[in-house]
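Enquirer: Model the structure of this input:
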Amino acid sequence: MNEQDILTPKEAGAIIGVHEDTIRRWCDTGAIKHTKLGVGIHKRPRYRITRAEAERVKRKYHGEPVDQEETPSA
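Expert: Numbers count the residues shown, from 1 in each chain. This is a model prediction of the structure:
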């Protein structure tokens, strides 16, 4: 995995078609797989999302079929 495969909430939001705050909220609720990198200068968590996860959520969000293998287990 290279740096281009790791996205900020803003970059993931651009791929999915939602605001970065929506991505952060999804991270907070566990609706999207992410990595938490601690707290940033604005006292909010720093999240990173893989490009593959952003693409999976995009397909789900826009009603496109999602492969069973790609669906995270609860």
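
Enquirer: what's residue 35 sitting at in phi/psi?
Expert: Residue 35 adopts backbone torsions of phi -120, psi 130, taken as degrees, to the nearest 10.

Enquirer: What count of nearby residues applies to it?
Expert: 11 (other C-beta atoms under 10 Å). Any C-beta I mention is one placed from the backbone N, CA and C, and that applies to glycine too.

Enquirer: again with residue 6
Expert: For residue 6, the neighbour count with other C-beta under 10 Å is 14.

Enquirer: gap between it and residue 43?
Expert: According to C-beta to C-beta, to the nearest Å, residue 6 stands 22 Å off from residue 43.

Enquirer: Report the central residue of the protein.
Expert: Central residue of the chain (C-alpha atoms, centre = their mean): residue 49, 4.4 Å from the mean position.

Enquirer: Quick check: neighbours of the helix or strand bottoming out on mean pLDDT in the chain in the sheet, parallel or antiparallel?
Expert: Taking mean pLDDT, DSSP states H and E as the measure, the helix or strand of the chain with the lowest value is strand 35-39, at a mean of 89. Each strand paired with strand 35-39, and its direction, by DSSP bridges: strand 45-50 (antiparallel).

Enquirer: Okay, buried residues for the strand it pairs with please.
Expert: The neighbour-count check on strand 45-50 (16 or more other C-beta atoms under 10 Å) flags 47-50 as buried.

Enquirer: Show me the contact partners of it.
Expert: Residues from elsewhere that reach strand 45-50, judged by C-beta atoms under 8 Å, 6 or more residues apart in numbering: 1, 5-9, 12, 23-24, 27-28, 32-40.

Enquirer: coming back round to it: how much space between the residue nearest to the centre of the chain and residue 56?
Expert: Taken as C-beta to C-beta, the span from residue 49 to residue 56 is 10 Å.

Enquirer: now residue 17
Expert: Distance from residue 17 to residue 56, by C-beta to C-beta: 14 Å.

Enquirer: between these two, which one's more packed in?
Expert: Neighbours per residue (other C-beta under 10 Å) separate residue 17 from residue 56, with residue 56 holding more: 19 against 11.

Enquirer: Where do the helices of this protein begin and end?
Expert: Using DSSP state H, the helices of the chain run over 9-16, 20-29, 51-61.
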